[in-house]
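Q: Below: sequence and its predicted model.
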Amino acid sequence: MKEHYDVVVVGAGHAGCEAACAAAQMGAQTLLITMDMNKIAQMSCNPAVGGIAKGQIVREIDALGGHMGQVTDSTTLQFRMLNRSKGPAMWSPRAQCDRGRFIWAWRQVVENQPNLSIWQDQVKELLVEDGRVTGVETYLGVTFTARCVIITAGTFLNGLMHIGRTKLAGGRCAEPPSLRLSESIAQHGITVGRMKTGTPVRIDGRSVHFDEMTLQPGDHDFHRFSYFPESNKAYEAHGAHETLRSLPCWITYTNPAVHERLRQGLPDSPLFNGQIQSIGPRYCPSIETKLVTFADKEQHQLFLEPEGLHTQEYYLNGFSSSLPIDVQLEALRLIPAFRDLKVYRPGYAIEYDYFDPTLLHHTLESKKVEGLYLAGQVNGTTGYEEAAGQGLVAGVNAALKCSGGGEFVMHRDESYIGVLIDDLVTKGVDEPYRMFTSRAEFRILLRQDDADARLTPRAYELGLATSERYNHWTEKRDEIERILAFCKDFSVKAALINPYLENLGVAPLAKGCKLIDLLSRPGLSFENLSPALNRLAETLDATPNRKEEIAEAAEIQIKYQGYIERERQMAEKMQRLEGLHIRGRFRYEEIQSLSTEARQKLAHIDPETLAQASRIPGVSPSDVNVLLVLLGR
């Protein structure tokens, strides 16, 4: 059997699903190959989407026409907006999801996506001729030829699981690893490394004393990830999210007795007895790593999170471990709420192959093999959201390459996805990469509330976002501009508003001012000024729908306009360096005025622009100045 496609996507995790759908939405005949159609977009670890900076990525995926946000909305058990006490640049949405419903909602998306086919099989060989990918070969003996191939194999490449001194080959629990494919890719000059991640025990809720834990409810306000929930009612097929948003999470803590039992098991921990040599995620450490790193702490916080609406299975966030099974269980039973604990499976660590991301272009196409794209954990990242964002970019660029339509690259001032990819291809990774707001120098421009303003117009131009989605955004934009115009024009008299400000504990006005200036003051908002200003209330109520979303976006623009404008000016300065293309212009090894480290790093990464060169670790400002002088010559 032999078939031809424009794009073949290998692996149906979060990266693979977004990649396949993006390529197909743009008209490319696409094939998605997966080991198991019943585990499409499996949430291998935590059954949650979003979080600090990750939630911004999901909103960006949605603004671009991707599906992760809408699938999440339709399967949410609990929603929370994190960091509400901080400025809006730090606000991050997070949703606890029904793991089973999430899979089937995603399967419904991919099965009904035009131009997209699915094949259940395992790829063993990447086919390459004259430096260009030509397709893949599977274990069932099928050859699929393609103009582009996207590898999104997650943790499956030569996956090896560890529980104490027990080692099991596998891509994740109860699933086989992908063998031979990693070597097939590496033979073309692509550097392979090993990384490690882990996951906690899965707990039987019937054995938990919930009355001895602290309840953690979700937000009462109604929130969504998607800017455009009306686009596909099929997402609602497995139950409306209003009824799903009902399950709380629970908080408990370890204690000194727990720590002592865990310490007794450290000699059998593969993380400390030399069994595991690869690097794990620093920002999601195992419980045994916490024990060693923070030896003075007497307790660590744990979150018990539901896996679904109709299951007793719970996920113990904060207790990732690869200790022997008996050590894990005995230690957990020393927590009062878990004294009668029963589990479905223990925690484990997993090692897997990844590829050096500095050997990729910003399009995620390989510099070594034309037409080969890599996305997700195979690039050294961790997290569903980082994977999905990469998958969408790879899918778009693969489709563009097939049609001769150019490239799709996002800059650091345009999206967290742009920051993520630039970090990967410019700096590389020495540990699993996780996105944080601190990684983005322009995070005031990259808020979760305005991803549609930043990205939907670009997605519409690409053909990735539909006209309905684009019109949905323009209606919101027009409503925001109407509210801003009113606030700029409406005058507030001091005598009228001062008694009301006094009740709010806000300093009175010395004289009248425009409403936009009044709103800029701390402690004032649309919500607490509307009762005193009928015209303001009427203006906000005139919004036909999405009133809260639109009012919030307008208020953020008013209150943070100075900061937003300052960051925009900084971004424009950086864009000047982005406009100086240097790839192919220099033989770095021969430029003696550069430092030795700069010559080595520049030759290895071969940056596209001077701005990218300036972000490479080891390239100093003086090195950048040398290149500027040479460009001038």
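A: Received, thanks. What you are looking at is a predicted structure, and each value in this text was computed from that prediction instead of being measured.

Q: what are the phi and psi angles of Thr166?
A: As for Thr166, its main-chain torsions (degrees, to the nearest 10) stand at phi -80, psi 130.

Q: lowest-confidence helix or strand of the protein?
A: Lowest by mean pLDDT, DSSP states H and E among the helices and strands of the chain is helix 241-244, with a mean of 47.

Q: in the stretch 301-450 of the chain, which spans are strands?
A: Remark: strands assigned in the stretch 301-450 of the chain by DSSP state E, counting those that start in this stretch are 301-306, 313-317, 343-345, 348-355, 372-374.

Q: The first one pairs with which strands, and in what direction?
A: In this case it means strand 301-306. strand 249-253 (antiparallel), strand 313-317 (antiparallel) (DSSP bridges).

Q: same deal with the longest one?
A: Within its sheet, strand 348-355 is paired with strand 160-163 (antiparallel), strand 192-199 (antiparallel), according to DSSP bridges.

Q: To Ile57, which of those lies closest?
A: Of all the strands paired with strand 348-355, strand 192-199 sits nearest to Ile57, with 18.3 Å by CB to CB. All C-beta atoms are positioned from the backbone trio N, CA, C, and that covers glycine.

Q: next SSE after the closest one?
A: Counting by DSSP states H and E, the next helix or strand C-terminal to strand 192-199 is strand 202-204.

Q: Spell out the residue ranges of the helices in the stretch 401-550 of the chain.
A: 416-427, 451-462, 467-489, 494-504, 515-519, 526-529, 534-541, 547-559 (DSSP state H, counting those that start in this stretch).

Q: Dump the longest one to PDB, keeping only the CA atoms.
A: Read that as helix 467-489. Provided in PDB are the C-alpha atoms of helix 467-489 (Å, rounded to 0.1, in the frame of the first residue of the first chain):
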ATOM      1  CA  SER A 467     -14.500  34.900   8.100                       C
ATOM      2  CA  GLU A 468     -16.900  34.200  10.900                       C
ATOM      3  CA  ARG A 469     -14.100  34.300  13.500                       C
ATOM      4  CA  TYR A 470     -12.600  37.400  11.900                       C
ATOM      5  CA  ASN A 471     -16.000  39.200  12.000                       C
ATOM      6  CA  HIS A 472     -16.400  38.100  15.600                       C
ATOM      7  CA  TRP A 473     -13.100  39.900  16.400                       C
ATOM      8  CA  THR A 474     -13.900  43.100  14.400                       C
ATOM      9  CA  GLU A 475     -17.200  43.400  16.200                       C
ATOM     10  CA  LYS A 476     -15.400  43.300  19.500                       C
ATOM     11  CA  ARG A 477     -12.800  45.800  18.300                       C
ATOM     12  CA  ASP A 478     -15.500  48.200  17.200                       C
ATOM     13  CA  GLU A 479     -17.200  47.900  20.600                       C
ATOM     14  CA  ILE A 480     -14.000  48.600  22.500                       C
ATOM     15  CA  GLU A 481     -13.300  51.600  20.300                       C
ATOM     16  CA  ARG A 482     -16.800  52.900  21.000                       C
ATOM     17  CA  ILE A 483     -16.300  52.600  24.700                       C
ATOM     18  CA  LEU A 484     -12.900  54.300  24.600                       C
ATOM     19  CA  ALA A 485     -14.200  57.100  22.500                       C
ATOM     20  CA  PHE A 486     -17.000  57.700  25.000                       C
ATOM     21  CA  CYS A 487     -14.500  57.800  27.900                       C
ATOM     22  CA  LYS A 488     -12.300  60.300  26.100                       C
ATOM     23  CA  ASP A 489     -15.200  62.600  25.400                       C
END
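
Q: quick one: buried residues of it?
A: Within helix 467-489, the residues scored as buried using 16 or more other CB atoms under 10 Å are 469-470, 472-473, 476-477, 479-480, 483-484, 486-487.

Q: Looking at those, which is nearest Gln569?
A: Leu484 (20.1 Å).

Q: what pLDDT does that closest one get?
A: Model confidence at Leu484, given as pLDDT, is 96.

Q: residues contacting the residue nearest to it when sequence neighbours are not counted?
A: Nearest non-adjacent residue to Leu484, counting by CB to CB, 6 or more residues apart in numbering: Ala554, 5.7 Å away. Contact partners of Ala554, counting by CB atoms under 8 Å, 6 or more residues apart in numbering, are 480, 483-484, 487, 526.

Q: Same question for Ser520.
A: 558-559, 561.

Q: Tell me the spacing between the residue nearest the centre of the chain and Ala20.
A: Closest residue to the average C-alpha location of the chain: Glu385 at 2.4 Å, with CA atoms, centre = their mean. For Glu385, the distance to Ala20 equals 17 Å [CB to CB, to the nearest Å].

Q: Then Ser595?
A: Taken as CB to CB, the span from Ser595 to Ala20 is 44 Å.

Q: now swap in Gln78 and tell me
A: Separation of Gln78 from Ala20 (CB to CB): 29 Å.

Q: Repeat that for Phe442.
A: Using CB to CB, Phe442 is found at 31 Å from Ala20.

Q: So for the two, which sits in the more crowded spot?
A: With neighbours defined as other CB atoms under 10 Å, Phe442 and Ala20 compare such that Ala20 has more, 35 against 21.

Q: so who does the more buried one touch?
A: When contacts are counted by CB under 8 Å, 6+ apart, Ala20 touches 7, 9, 12, 30-32, 110, 113, 116, 150, 395.

Q: phi, psi of Ser178?
A: Backbone torsions for Ser178, taken as degrees, to the nearest 10, come to phi -100, psi 110.

Q: Can I get the helix or strand where Ala611 lies as CSV, trimmed to CA atoms?
A: In this structure, Ala611 is located in helix 610-614 according to DSSP H and E. Coordinates of each C-alpha in helix 610-614 appear next as CSV, following Å, rounded to 0.1, in the frame of the first residue of the first chain:
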residue,chain,number,x,y,z
LEU,A,610,20.8,40.5,13.8
ALA,A,611,18.1,40.6,16.5
GLN,A,612,18.3,36.9,16.8
ALA,A,613,22.1,37.0,16.9
SER,A,614,21.9,39.5,19.8
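
Q: Following that helix in sequence, what is the next regular element?
A: Once the chain leaves helix 610-614, the next helix or strand it forms, by DSSP H and E, is helix 621-632.

Q: just how off-centre is that following helix within its chain?
A: A distance of 35 Å separates the C-alpha centroid of helix 621-632 from that of its chain, computed with CA atoms, centre = their mean, to the nearest Å.

Q: For the stretch 201-350 of the chain, which segments are assigned as helices?
A: 241-244, 256-265, 287-293, 325-332.

Q: Let's have those helices in CSV, adding distance to Gly69 and mean neighbour count.
A: Formatted as CSV, those follow (distance: least, CB to CB, whole Å; neighbours: other CB atoms under 10 Å):
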stretch, distance to Gly69, mean neighbour count
helix 241-244, 12, 16
helix 256-265, 37, 17
helix 287-293, 32, 19
helix 325-332, 34, 21
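
Q: got the residue ranges for the strands in the stretch 51-200 of the chain?
A: Applying DSSP E, counting those that start in this stretch to the stretch 51-200 of the chain gives strands spanning 76-82, 92-97, 116-120, 123-129, 132-138, 143-151, 160-163, 166-169, 192-199.

Q: So for Pro522, which of these sits nearest?
A: That would be strand 76-82 among the strands of the stretch 51-200 of the chain, by CB to CB, at 20.3 Å.

Q: Distance check, the closest residue to Leu501 other than its chain neighbours against Leu518.
A: Leaving aside its sequence neighbours, Leu501 sits nearest to Pro508 (CB to CB, 6+ apart; 5.5 Å). Going from Pro508 to Leu518 by CB to CB gives 11 Å.

Q: Of those two, give the one with the bigger neighbour count.
A: Comparing Pro508 with Leu518 by neighbour count (other CB under 10 Å), the higher total belongs to Leu518, at 23 against 12.

Q: Surely that one and Leu509 touch.
A: Yes: if you go by CB atoms under 8 Å, Leu518 and Leu509 touch, sitting 7.5 Å apart.
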